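Asks: What follows is a predicted structure for the sequence shown.
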Amino acid sequence: MYPGPDDPDLGVFVANLERELLSRGHEIERAVVDARGGRARHVALVRDARRVARRFHPDVAYAHFLVPAGFAAALATRAPLVVTAHGQDVANIGAIPGVRAATRYVVRRAAGVIAVSRWLRDRLVSEVPEAESKTEVVDCGVDLDRFAPRDATAARDVVGWEGEGTRFLCLGGLTERKNVLRLARAFEQRGEGTLAFVGGGPLESALTGRPGIRLVGRVAHDEVPTWIAASDVVCQPSLSEPFGLATLEAMSSARSVVASAVGGQPEFVTPEAGILVDPLDQDALVAGLSGAAALPRPNLAGREAAAGHDVRLQAERVEAILLRAARGSAQGSDPLTRGSLPRKDP
């Protein structure tokens, strides 16, 4: 997944990591999917990966998502392979015919596997035990510069967010997994403030016309920091959230959060930064909204907690894994220095 002209927010986390690795002196060639929809794009990914590998002769292949991207990379080159599991790829094991076998092949072939949370690592190992000795936890990271504390009043003027009371924001697809209907009902039950949904999806019609609720639709990723700055509380009470980048971006922006107690979010949401809730308990969600609304504004404790997940720090950790793979040792522990990967002429 990678941002494309028709889908500029697709795989932004991959592009952010790429930028940091480039800044550390490495060369990167891409074989990517830059648009949603259709199995043909996966066939094209295999073809493009082979073409790039023949031309570039990589020292290491780095894939995001076990299947199909990791599988495509494994077929495309004999170079050492590192692959990051993001969540849906693990959920697909056992749910889609053939994915388990393909995932086991990728894991056996890989010099290193990365999971974006401990929760996801445990799920992967339970499905593919061979992954246990190879898998490390490195999350997607947050750009602390882009998602920095900003003036709420100025941001509200930019996005046109009017109304009284607490401003709640939900970022992401309007889907069952994101738990948007239960969030809307909890907001209505609480009966105060406004709730804006930034994103699109199949549940849009079920949210339309509800009092106090604003449906913004999809926005460019560059606009997300302004929407977060305009809010008081950012809500991501998903039924399952392998990591929860939007939550981390909100914390980096010094906004309090309501997050799911299921998945990866408990690994970085501190009690001072926000409220963790059972996503299936609407009363708990109501209480969570009130609890988060009572936290300081801006919430600098959230910013402090997010600092340990700076994308630069995460890129450094990924770099070490890639260098170790390129040197031919998946379990090596020798200190690694920046820029020691053999360079290629363009």
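Replies: Right, received. Where do you want to start?
Asks: What backbone torsions are found at the residue lying closest to Gly244 once chain neighbours are set aside?
Replies: Leaving aside its chain neighbours, Gly244 sits nearest to Gln265 (4.1 Å; criterion: C-beta to C-beta, 6 or more residues apart in numbering). Any C-beta I mention is one placed from the backbone N, CA and C, and that applies to glycine too. In terms of degrees, to the nearest 10, the main-chain angles of Gln265 are phi -60, psi -40.
Asks: Which positions within the lowest-mean-pLDDT helix or strand in the chain qualify as buried?
Replies: In the chain, no helix or strand scores lower on mean pLDDT, DSSP states H and E than helix 40-56, which sits at a mean of 89. Judged by neighbour count using 16 or more other C-beta atoms under 10 Å, the buried positions of helix 40-56 are Leu45, Val46, Asp48, Ala49, Arg50, Val52, Ala53, Phe56.
Asks: Next, count neighbours for the closest residue to the third one other than its chain neighbours.
Replies: Read that as Asp48. Leaving out its chain neighbours, the residue that sits closest to Asp48 by C-beta to C-beta, 6+ apart is Ala31, at 4.0 Å. Neighbours of Ala31 under the rule other C-beta atoms under 10 Å: 22.
Asks: Test my guess that Gly163 contacts Leu195.
Replies: No - counting by C-beta atoms under 8 Å, Gly163 stays clear of Leu195, with 9.9 Å between them.
Asks: Need the residues touching each of those two.
Replies: Gly212 (C-beta atoms under 8 Å, 6 or more residues apart in numbering).
Asks: Compare neighbour counts for these two and give me the winner.
Replies: Leu195 (28 against 13).
Asks: is it true that the more buried one touches Arg214?
Replies: Yes - assessed by C-beta under 8 Å, Leu195 is found in contact with Arg214 at 7.2 Å.
Asks: Pull the residues that contact the least confident helix or strand of the chain.
Replies: Contacts for helix 40-56 (C-beta under 8 Å, 6+ apart): 29-33, 35, 58, 61, 68-69, 71-73, 75-77, 79, 344.
Asks: in the stretch 201-346 of the chain, which spans are helices?
Replies: Listed in chain order, the helices of the stretch 201-346 of the chain (DSSP state H, counting those that start in this stretch) span 204-207, 224-230, 245-252, 282-293, 300-307, 311-326.
Asks: in the chain, what spans have low per-residue confidence?
Replies: Counting by pLDDT under 70, the chain shows low-confidence ranges at 329-346.
Asks: So which residue is smack in the middle of it?
Replies: Closest residue to the average C-alpha location of the chain: Leu245 at 4.3 Å, with C-alpha atoms, centre = their mean.
Asks: coming back round to it: between the buried residues of helix 40-56, which is nearest Ala230?
Replies: The nearest member of the buried residues of helix 40-56 to Ala230, counting by C-beta to C-beta, is Leu45 at 37.1 Å.
Asks: From Thr226, how far off is the closest one?
Replies: Separation of Leu45 from Thr226 (C-beta to C-beta, to the nearest Å) stands at 33 Å.
Asks: Following the helix or strand containing Tyr105 in sequence, what is the next regular element?
Replies: Using DSSP states H and E, Tyr105 maps to helix 99-109. Proceeding N to C from helix 99-109, the next assigned helix or strand is strand 112-115, under DSSP H and E.
Asks: Give the buried residues for the next helix or strand after that next one.
Replies: Following strand 112-115 in sequence order, the next helix or strand is helix 118-127 (DSSP H and E). Neighbour counts over helix 118-127 (16+ other C-beta under 10 Å) mark Trp119, Leu120, Arg121, Arg123, Leu124, Val125, Glu127 as buried.
Asks: returning to that earlier point: send me the least confident helix or strand of the chain as PDB with only the CA atoms.
Replies: Once non-C-alpha atoms are left out, helix 40-56 reads as follows in PDB (Å, rounded to 0.1, in the frame of the first residue of the first chain):
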ATOM      1  CA  ALA A  40      -5.600  -7.700 -10.500                       C
ATOM      2  CA  ARG A  41      -3.500  -5.200  -8.500                       C
ATOM      3  CA  HIS A  42      -2.000  -8.100  -6.600                       C
ATOM      4  CA  VAL A  43      -1.000  -9.800  -9.800                       C
ATOM      5  CA  ALA A  44       0.500  -6.500 -11.000                       C
ATOM      6  CA  LEU A  45       2.400  -6.300  -7.700                       C
ATOM      7  CA  VAL A  46       4.200  -9.600  -8.300                       C
ATOM      8  CA  ARG A  47       5.000  -8.500 -11.900                       C
ATOM      9  CA  ASP A  48       6.300  -5.100 -10.700                       C
ATOM     10  CA  ALA A  49       8.400  -6.700  -7.900                       C
ATOM     11  CA  ARG A  50      10.100  -9.000 -10.300                       C
ATOM     12  CA  ARG A  51      10.800  -6.100 -12.700                       C
ATOM     13  CA  VAL A  52      12.300  -3.900 -10.000                       C
ATOM     14  CA  ALA A  53      14.300  -6.800  -8.500                       C
ATOM     15  CA  ARG A  54      15.900  -7.700 -11.800                       C
ATOM     16  CA  ARG A  55      16.900  -4.000 -12.400                       C
ATOM     17  CA  PHE A  56      17.900  -3.000  -8.900                       C
END
